[in-house]
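Q: Prediction below, plus the sequence it came from.
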Amino acid sequence: MTLTVEDDFREFVVACWPDLESAAFLVTLDPERARVVTAESLADLHQRWREALDEGVPGARARSAVLTAAVGATSLPRPGRPGRPVSGGSPVVEDDPPAPSEEGPDEQADAVVDALVTQLRAATPLERAVVAGRAVWAMAPEEVAGSLGAPVGSVRAAAASLHVRLATAHDAARDAQGLPPAEWALERDVADAVDVLLRGVPDPPDPAALVSERRRVVRRRSLLVAGAGAALLTGAGAWWLSSDRPAGPTPGSAAATLPGPDDPRWARTSTWHPRGALASDLGVQALVIARTASGSRLLWADDVGDRRLVVAVALDYSLSPGSDLRVWHGPRGADPRALEDAPLTLTTIEGVRDVVALTLPQGFRGLGRSASTLVVLGRPTVRSASFSRLVRPTTAGTIERDWVELPLKDGVAATVLPDPVSAAMRIRVAGFDGPPATTDPLWLGRDLVDVAPAAFTRAVHTFVQRVTGIPATRLRTEVVADSPVSGSILDATAISATDGDGRVVALRTVTPEGAVLSSVVVTDDGRAEGGAVVLRPAHVLLAESASDPIVERVSDMREGFARYLVVAPGAASVQMRGTSQSAYPVSEPVATKGKAAAVVPVRNAGEAATFRVVTRDAAGNTLFDGVPAATRFLLDLWS
């Protein structure tokens, strides 16, 4: 179903009203004033709704308008007398200062929270705007400054000043209760204080109707911009003016057309203009706003194959450079309201600011389907990319790939591939070289791995088939070891009355071309928490060294020690020696359990670049003395 502009705007109002009015109330502490500010701000937004949709930022514009108007309306003298209409709207009760809600702090509420409520009521409107931005939308002071169009330094100073007063009141209130200072509890108690304040926000009878009424006022006011009817909202924008106001457009003033290919906004995904045939769809815009409480920016939306996709980027991503994606999907042509979160196992594109790459299986919820969707987004100047879907292990212990060129039009490629999604997928585009966001498991499968050899073999075969394309029926796997290990493998400090044995299962898998893969799973002796753990998930190694001992480091919390699991079938004892001329550091010989495996502790292991492994049989004869062959995980992308 296609929504009309009015239907879509109405749904936007209903979805966003609670957060917007809550923020306005936290700034004004006046429910009537907050309602007027929210309604008028949304009425103004309606006048520029298409522009906001084209820019992909209707939610950001609404937040900016409400915060700015709330601060301005609270900072300026209120027009009129008690009961007199403001800007031609509903009557507003005049209070100076604004009266607290009748549903103030419960008399039995925690005294610490009461003290913080008092500080928040005494704060300036700008300080409360910082609190509102953080409490409602998880905004940092710098983001609040951007929404207000205010100098960042002024907003930071306000936030710092309020923080000092809140912390002081928090410590004093705790001291009065005989409690020590607790900085860790401040944020929690401030959140509780905000909840107390928000009890004063009433439920609106019909948010969309309130906005509709205000829109009639806006239309009249638009003819009299310089008149008294505009005093409240035009004055609301004046409180922040100062000589250090940053130059450039104010929030919501960007052009609705697609920026040119060299526009600086293409430098990072968080400022991209939305693209795709559905980017201006009203329902898609509402979806992104409603489903991301901390803020997201729509990047691309379209139908590809049998799937409808909407791709956005989270605005609160803390790692830089990089992008954290939000993706919704459903059947082709689906109502945006029916789209579901895509079950991504990898959501981030790291190392670059201006690239998005995504793979999903075709067939909504059809994770077993044989085709996949590939979406690559870059700057409009990017004309091509390349991808490699599978890896190819070799007898030399290396990993090879084949690459396919992918043309981009205006920085966009969206295509259906005839093959299923693969965790081995690697994308090269505009300086990015790595894995795309994907729904595929990062290694052995969607279910927990079983330590039983038959089950582990099936899991390894499924994974190898997925990332190499080699049918599982053509893989040959033998169980190198299925052995107990004395004590705990995973936790050297675990305590148990049973003091049982751990267990290790090691597999060797050979491809039709003779490449050798080594896989290891362990389960503990019951003292440490957790089930089976895969220590070596399908590593390729030099085929001629396939019988070398397996060595995997396991945890040891003791200072100066390291522990190594050594799997050496047929050995009665194993020993680790440094490769230096002095053979230091060196472990004691450790007896194996079941003539196959042991955990070897090494003191000062950090002083060795590498280790030789020495294994001996029961008669003391040396079976192996050397450095085991190096291995590489099949998903080592930089092969």
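A: Cool, got the structure.
Q: Now that Glu513 has come up, it's in contact with Thr395, right?
A: Yes. Applying Cβ atoms under 8 Å, one finds Glu513 in contact with Thr395, separated by 7.0 Å. For glycine as for every other residue, the C-beta is placed from the backbone atoms N, C-alpha and C.
Q: Those two: which is more packed in?
A: Thr395 (17 against 12; other Cβ atoms under 10 Å).
Q: which residues in the stretch 51-200 of the chain form helices?
A: For the stretch 51-200 of the chain, the helices defined by DSSP state H, counting those that start in this stretch occupy 58-75, 111-122, 125-137, 141-148, 152-176, 186-198.
Q: Now render those as a markdown table, adding mean pLDDT, distance to Gln47 and mean neighbour count.
A: As requested, these are exported to a markdown table (pLDDT from 0 to 100; distance: least, Cβ to Cβ, whole Å; neighbours: other Cβ atoms under 10 Å):
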| stretch | mean pLDDT | distance to Gln47 | mean neighbour count |
| --- | --- | --- | --- |
| helix 58-75 | 82 | 11 | 26 |
| helix 111-122 | 92 | 33 | 19 |
| helix 125-137 | 90 | 23 | 25 |
| helix 141-148 | 88 | 19 | 22 |
| helix 152-176 | 86 | 27 | 17 |
| helix 186-198 | 88 | 29 | 19 |
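Q: among those helices, which is nearest Arg268?
A: helix 141-148 (14.5 Å; Cβ to Cβ).
Q: Give me the contacts around the closest one.
A: Outside helix 141-148, the residues that touch it by Cβ atoms under 8 Å, 6 or more residues apart in numbering are 60, 63-64, 67-68, 71, 129-130, 133-134, 139, 150-152, 154-156, 158-159, 240, 251, 315.
Q: and the next element down the chain from the lowest-mean-pLDDT helix or strand in the chain?
A: Least confident element among the helices and strands of the chain, by mean pLDDT, DSSP states H and E: helix 231-236 (a mean of 29). Counting by DSSP states H and E, the next helix or strand C-terminal to helix 231-236 is helix 282-291.
Q: Next, the angle from the next helix or strand after that next one to helix 58-75.
A: Going down the chain from helix 282-291, the next helix or strand is strand 296-304, by DSSP H and E. Per axes from the mean of the first three to the mean of the last three Cα atoms, to 10 degrees, the angle that strand 296-304 makes with helix 58-75 is 160 degrees.
Q: Now find how far off-centre strand 296-304 is within its chain.
A: Per Cα atoms, centre = their mean, to the nearest Å, the displacement of strand 296-304 from the mean C-alpha position of its chain is 17 Å.
Q: pLDDT on it, on average?
A: Mean per-residue pLDDT for strand 296-304: 90.
Q: Need the distance between the two termini of stretch 353-372.
A: 25 Å (Cα to Cα, to the nearest Å).
Q: how about the residue nearest to Ala423 when sequence neighbours are not counted, what does it touch?
A: With sequence-adjacent residues excluded and distances taken as Cβ to Cβ, 6 or more residues apart in numbering, Ala423 is closest to Asp440, at 4.3 Å. Contacts were defined as Cβ under 8 Å, 6+ apart; by that measure Asp440 touches 345, 359, 421-423, 425, 466.
Q: Could you check how far Asp440 is from Phe456?
A: 20 Å (Cβ to Cβ, to the nearest Å).
Q: So which residue is dead centre in this structure?
A: The centre of the chain sits closest to Asp324, judged by Cα atoms, centre = their mean, with a distance of 5.2 Å.
Q: Now Leu507. Nearest residue, chain neighbours left out?
A: Excluding the flanking residues, the one nearest Leu507 by Cβ to Cβ, 6+ apart is Ser519, at 4.5 Å.
Q: possible to save the contacts of Asp440 as JSON lines with neighbour count, distance to Leu282 and secondary structure?
A: What follows is those, written out as JSON lines (neighbours: other Cβ atoms under 10 Å; distance: Cβ to Cβ, whole Å; DSSP: H, G, I helix; E, B strand; the rest coil):
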{"residue": "Thr345", "neighbour count": "13", "distance to Leu282": "31", "secondary structure": "coil"}
{"residue": "Thr359", "neighbour count": "26", "distance to Leu282": "28", "secondary structure": "strand"}
{"residue": "Val421", "neighbour count": "24", "distance to Leu282": "31", "secondary structure": "coil"}
{"residue": "Ser422", "neighbour count": "22", "distance to Leu282": "36", "secondary structure": "coil"}
{"residue": "Ala423", "neighbour count": "21", "distance to Leu282": "36", "secondary structure": "coil"}
{"residue": "Met425", "neighbour count": "25", "distance to Leu282": "33", "secondary structure": "coil"}
{"residue": "Arg466", "neighbour count": "21", "distance to Leu282": "39", "secondary structure": "helix"}
